[in-house]
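> Model the following, please.
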Amino acid sequence: YKVMKSRDADTSQRCLSFELSFPEIAVGIQPRHRFMSAFEQRVVDTPPDRRYQYLLIAAEPYETVAFKIPNEPIDKGEGQFVTHWDAEDKTFTLTLYFLNPDQMEQKQTTKVQTAVATN
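Below you'll find the predicted structure:
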């Protein structure tokens, strides 16, 4: 697997890209992903660390792979959270961007304005 860190030149958003190869995956099967909080993760004698969450990627017949990433809001906007399965090369890529603090404020303001407008 490969993990790449970068920063968007225009927005300064931090970006993580994960590329995993699954050469033995069965035809017609596509890898799946999900996020897991630190509170779901059970490690003996280690209390949950709320600063982190886990990105899990699973594909039969492989073991599930977990990456420990910052527990910060992820930008789910268009082109900011992308997954791609290349069935020919059997490579799965997931790219995500974290929201900047000013983007989080802007989203909160929009939510409040929308709530006030609908009431």
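
> And the helices in the chain, which stretches?
101-118 (DSSP state H).

> Name whatever forms a beta bridge with residue 97.
Each beta-bridge partner of residue 97 is listed here: residue 15, residue 75, as defined by DSSP bridges.

> what do you get for residue 84?
Under the criterion used (DSSP bridges), residue 84 bridges to residue 93.

> okay, and for the protein, where does confidence drop off?
Across the chain, the ranges flagged by pLDDT under 70 are 103-119.

> And the residue nearest to the spatial centre of the chain, how far from residue 54?
Central residue of the chain (CA atoms, centre = their mean): residue 96, 5.3 Å from the mean position. Separation of residue 96 from residue 54 (CB to CB, to the nearest Å) stands at 13 Å. In this view, the C-beta of every residue, glycine as well, is placed from N, C-alpha and C.

> Report the buried residues of stretch 69-85.
Burial within stretch 69-85, assessed by neighbour count using 16 or more other CB atoms under 10 Å, is assigned to 69, 74, 75, 80, 85.

> To clarify, my last question referred to stretch 10-27.
For stretch 10-27, the buried set under the neighbour-count rule, 16+ other CB under 10 Å, comprises 13, 14, 15, 16, 18, 20, 22, 25.
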